[in-house]
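Visitor: quick one, structure for this:
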Amino acid sequence: MKKRLRKKLHKAEFQELGFSFEIRFKEKGEDAKTFLKEFIELLRSHHLEMGGGWNAEVCGGFVTREKGSVTLEEYHAVKSWLEAKSSDIYGFTIGELRDAWYGWA
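Guide: Next up, the predicted model:
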């Protein structure tokens, strides 16, 4: 496969990694909104983006980098932050780094 096509299809050296997550809230309303604002600030500080959704009880989705792959350092920073906030939430799950474009059947 030619380099141009690999880049277009996010293959080989152009593969992009990200991770899935789910956060379960203890409190509904303003506490959940405040938590989400802080979570988004954390992601922005690492140039990460989130796709997904949330309601009063749960927030879930996928985290990617603006350009390229999420690094192990960024992944561990998010995981550590969620662990530090564990008293504010019922719990969370965070997936391993994986291909952000393929394998989601």
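Visitor: export the helix or strand bottoming out on mean pLDDT in the chain as CSV, just CAs?
Guide: Across the helices and strands of the chain, mean confidence by mean pLDDT, DSSP states H and E is lowest for helix 30-45: a mean of 91. C-alpha atoms of helix 30-45 as CSV (Å, rounded to 0.1, in the frame of the first residue of the first chain):
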residue,chain,number,x,y,z
GLU,A,30,-24.7,20.3,39.2
ASP,A,31,-22.2,17.9,40.7
ALA,A,32,-22.1,15.8,37.5
LYS,A,33,-21.8,19.0,35.4
THR,A,34,-18.9,20.3,37.5
PHE,A,35,-17.2,16.9,37.2
LEU,A,36,-17.6,16.9,33.4
LYS,A,37,-16.3,20.4,33.1
GLU,A,38,-13.2,19.4,35.1
PHE,A,39,-12.8,16.2,33.0
ILE,A,40,-13.0,18.2,29.7
GLU,A,41,-10.4,20.7,31.1
LEU,A,42,-8.1,17.8,31.8
LEU,A,43,-8.5,16.4,28.3
ARG,A,44,-8.0,19.9,26.7
SER,A,45,-4.8,20.4,28.7
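Visitor: I'd like the next helix or strand past that helix.
Guide: Counting by DSSP states H and E, the next helix or strand C-terminal to helix 30-45 is strand 48-54.
Visitor: ok, that next one: who's next to it in the sheet?
Guide: strand 58-65 (antiparallel) (DSSP bridges).
Visitor: list the beta-bridge partners for residue 49.
Guide: The partner residues for residue 49, given DSSP bridges, come to residue 64.
Visitor: and it, how far from residue 14?
Guide: Look at residue 49 and residue 14: by C-beta to C-beta, to the nearest Å, they are 17 Å apart. In short, each C-beta sits where N, CA and C put it, glycine included.
Visitor: same question, residue 61
Guide: 23 Å.
Visitor: quick check, central residue of the protein?
Guide: residue 63 (2.4 Å; C-alpha atoms, centre = their mean).
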